[in-house]
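# have a look at this prediction, sequence included:
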Amino acid sequence: MSKNALEQLKDQLESEAGDDQHSENIAQLKTSVERGMDDADYHPTLREELERAIILFGDDHPELTSAIRAAIDTLSLGGL
């Protein structure tokens, strides 16, 4: 799974980009995911951001929340 979880999350963020209510948050999270894909030292910070994003997006974006959880699980297991 490893880096694939972040790639899938990035794809999901791109598909959610049209959401006016969360568009700025989605753009910021996408930037963080891209940084996490390139910089392993950023993973602890990315994990914190992803945990906050689950609270932010919650029930409004179930597919995005699922992709975020998968990325968190991968980061937790040290798969990245």
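Looks like it arrived, so ask away. Residues are numbered from 1 along each chain as shown.
# any stretches of this protein with poor pLDDT?
Residues of the chain meeting the criterion pLDDT under 70: 1-3, 19-20, 79-80.
# quick test: name the residue nearest the centre of it.
A centroid search over the chain (Cα atoms, centre = their mean) returns Ile68, at 4.6 Å, as the residue closest to the centre.
# which residues sit against the helix or strand that residue falls within?
Assigned by DSSP states H and E, Ile68 belongs to helix 62-76. Contact partners of helix 62-76, identified using Cβ atoms under 8 Å, 6 or more residues apart in numbering, comprise 1-2, 5-6, 8-9, 12-13, 16, 33, 43, 46-47, 50-51, 53-54, 57-59, 80. The way it works is simple: take the backbone N, C-alpha and C, and place the C-beta from them, glycine included.
# from the chain's centroid, how far away is that helix?
7 Å (Cα atoms, centre = their mean, to the nearest Å).
# do the same with stretch 59-78
Counting by Cα atoms, centre = their mean, stretch 59-78 comes out at 7 Å from the chain centroid.
# helices of this structure, start to end?
2-15, 23-38, 43-57, 62-76 (DSSP state H).
# before we move on, the earlier item: the helix holding Ile68: which residues count as buried?
Leu64, Thr65, Ala67, Ile68, Ala70, Ala71, Ile72, Thr74, Leu75 (16 or more other Cβ atoms under 10 Å).
# also stretch 13-26?
Under 16+ other Cβ under 10 Å, the buried positions of stretch 13-26 are Leu13, Glu16, His22, Asn25, Ile26.
# again, but for stretch 42-62
Buried, per 16+ other Cβ under 10 Å, within stretch 42-62: His43, Leu46, Arg47, Glu49, Leu50, Ala53, Leu56, Phe57, His61.
# how about a markdown table for the residues you listed, with distance to Met37 added?
Formatted as a markdown table, those follow (distance: Cβ to Cβ, whole Å):
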| residue | distance to Met37 |
| --- | --- |
| His43 | 10 |
| Leu46 | 9 |
| Arg47 | 14 |
| Glu49 | 13 |
| Leu50 | 13 |
| Ala53 | 16 |
| Leu56 | 21 |
| Phe57 | 20 |
| His61 | 21 |
